[in-house]
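[1] Just the structure for this:
(3 chains)
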Amino acid sequence: MSDSLEIDGFDRAKKMAMICWSSDLDRVWPVLILASTAAASGLEVDVFFTFWGLRVLQKNEVRVTGKNWMQKAESIVDPGGTDRLKLGKIHFGGAGTKMIKMLANEYKVASPRELLEMAQDLGVRLHPCQMTMDLYGLTKDDFIEGVGIPIGAASFIDMAADADITLFI
Amino acid sequence: MSDSLEIDGFDRAKKMAMICWSSDLDRVWPVLILASTAAASGLEVDVFFTFWGLRVLQKNEVRVTGKNWMQKAESIVDPGGTDRLKLGKIHFGGAGTKMIKMLANEYKVASPRELLEMAQDLGVRLHPCQMTMDLYGLTKDDFIEGVGIPIGAASFIDMAADADITLFI
Amino acid sequence: MSDSLEIDGFDRAKKMAMICWSSDLDRVWPVLILASTAAASGLEVDVFFTFWGLRVLQKNEVRVTGKNWMQKAESIVDPGGTDRLKLGKIHFGGAGTKMIKMLANEYKVASPRELLEMAQDLGVRLHPCQMTMDLYGLTKDDFIEGVGIPIGAASFIDMAADADITLFI
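    Just a heads-up that it's a prediction; the model follows:
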């Protein structure tokens, strides 16, 4: 914030800072749609993946993660990767999630995997939460390519304090 | 954003841009309370109804919606309209939701139906999500009177980038 | 907002206004981590505790609350206090919540009780929602020490309209 012109929005792009807190399909979808749409509209976008949401950055081919039995157990009941997300509501043992995915496909709504790639191509910055990585025993190798260095809540607060749009999803 | 005075907040009203993502009673209530309160306080308010939240705009008398069997099935497990919202937590097969409604009535908390009407009277702009309408097979005729034209995520981003308060509920 | 310099962010601290809507452990944790981190970073922080979230301010030693049977019943299925919060996801009758708490302890993540005390020490302002107090039949005596006077949605809107970060969690 070097001068008032910047702050007044004339010399800098608008910014969005989001928290992706959930690994539910119905929440990750809006995160990725809003992130890629905002980036396509010229905004600078930062997304902080924390708590359950950290699993979104996990590679689809990685299954069990963690170092101890608790972390391994958690990774089994809450599998990561954009392809394995489930609805938080009306999942119905898989039937609901499958149906929504069929509808999305029929109406040309991009899948979470495609949206995440699109977001990265558009310059959206993906920040894994260091604290959650420690809790889950996740390492850089468990994540997809192109993820930023792990950060903490203080770094997110800095981004958000300077952003025009802040959302917790 | 024609000049700095406007941006500095002197010449324009404050703005709020919200996403109503859920059709759970306990989430729709805060959406409508915050929207109508903000409008009553002089803010310009835009609410984007998307995903499950789109059902809030549905007429109470409309039951089964959609064009194909998947859309019809979805509309039955997730019935729309402000009168049919259920708690996302402690619904207890209807008992919890009924109890909270009784308490709300006893303590003069307006119902979602009343709040939505109040919000419209106060000038809150209600925007249905075009993509969700396609997914659900919902048409303009399924919605209450006074709803705005369907928009997409890019339009919401524009509103939010210019707003003083942004919330995802 | 007495002059433009203040609004331009030069003469005042940045502000964060959050809604703590939930009493789920996995939502209260981020509320308290973000609140205390932001306060530690020099931001002025206001947190509005409403709906299920009001229970977070309840004393741990208080059990049944409310004046009538409905309020008492609600207080039993949704017990308050930072020590009794449960995960909103993979609670597994207590096993999941216990495991996450063990992991948090092992990796030195502060507990909600500790974080709430830290937040208060750092000057975070905790605002109970008057309407929810009425619904639940909660009184000032049910809350921990140091809680602010009860406020309504209009007061929160005022805080949020002036804040740099707004989040609904």
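
[2] got the residues of chain A near chain C?
    Taking Cβ under 8 Å from any Cβ of the partner chain as the criterion, chain A approaches chain C at residues A:1, A:4, A:7-8, A:19, A:21, A:50-52, A:70-71, A:73-74, A:77-78, A:88, A:131, A:134-135, A:152-154, A:156-158, A:160-163, A:166-168. (Each C-beta comes from the backbone N, C-alpha and C, glycine too.)

[3] Which of these are buried? Put it as a PyMOL command.
    Only the buried entries of these go into this PyMOL selection, using 16 or more other Cβ atoms under 10 Å in any protein chain shown:
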select buried, chain A and resi 4+7+8+19+21+50+51+52+70+71+73+74+78+88+131+134+135+152+153+156+157+158+160+161+162+163+166+167+168
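
[4] what's the strand or helix carrying A:Met159 in contact with?
    Using DSSP states H and E, A:Met159 maps to helix A:153-161. With contacts defined as Cβ atoms under 8 Å, 6 or more residues apart in numbering or on different chains, helix A:153-161 is touched by A:15, A:17, A:19, A:46, A:48, A:127, A:129, A:131, A:166, C:14, C:16, C:33-34, C:37-38, C:40-41, C:43, C:164-165.

[5] Could you work out the end-to-end span of stretch A:160-169 for me?
    14 Å (Cα to Cα, to the nearest Å).

[6] for stretch A:33-51, same thing?
    20 Å.

[7] what's the answer for stretch A:15-32, then?
    15 Å.

[8] now swap in stretch A:159-169 and tell me
    End to end - Cα to Cα - stretch A:159-169 spans 16 Å.

[9] tell me the mean pLDDT over that stretch?
    Mean pLDDT, stretch A:159-169: 98.

[10] How far off centre is stretch A:65-83?
    Between the centre of stretch A:65-83 and the centre of its chain there are 17 Å (Cα atoms, centre = their mean, to the nearest Å).

[11] Return only those of the contacts of helix A:153-161 found close to chain B.
    A:Thr166.

[12] after the helix holding A:Met159 comes which helix or strand?
    strand A:165-168.

[13] Run through the neighbouring helices and strands of that following strand.
    Here strand A:165-168 touches strand A:15-20, helix B:153-161, strand B:165-168, strand C:165-168, going by 3 or more Cβ pairs under 8 Å, 6 or more residues apart in numbering or on different chains; DSSP states H and E.

[14] Quick check: what element follows the longest helix along chain A along the chain?
    In chain A, assigned by DSSP state H, the helix with the most residues is helix A:25-40. Following helix A:25-40 in sequence order, the next helix or strand is strand A:44-49 (DSSP H and E).

[15] Toward the C-terminus, what is the element adjacent to that next one?
    Using DSSP H and E, the first helix or strand after strand A:44-49 is helix A:69-77.

[16] Mind giving me the packing neighbours of whichever helix or strand comes after that next one?
    Downstream of helix A:69-77, the first helix or strand assigned by DSSP H and E is helix A:95-106. Helix A:95-106 is packed against helix A:25-40, helix B:69-77, helix B:130-136, with contacts defined by 3+ Cβ pairs under 8 Å, 6+ apart.

[17] Flag every buried residue along helix A:95-106.
    Buried residues in helix A:95-106 (16+ other Cβ under 10 Å): A:Gly96, A:Thr97, A:Met99, A:Ile100, A:Lys101, A:Leu103, A:Ala104.
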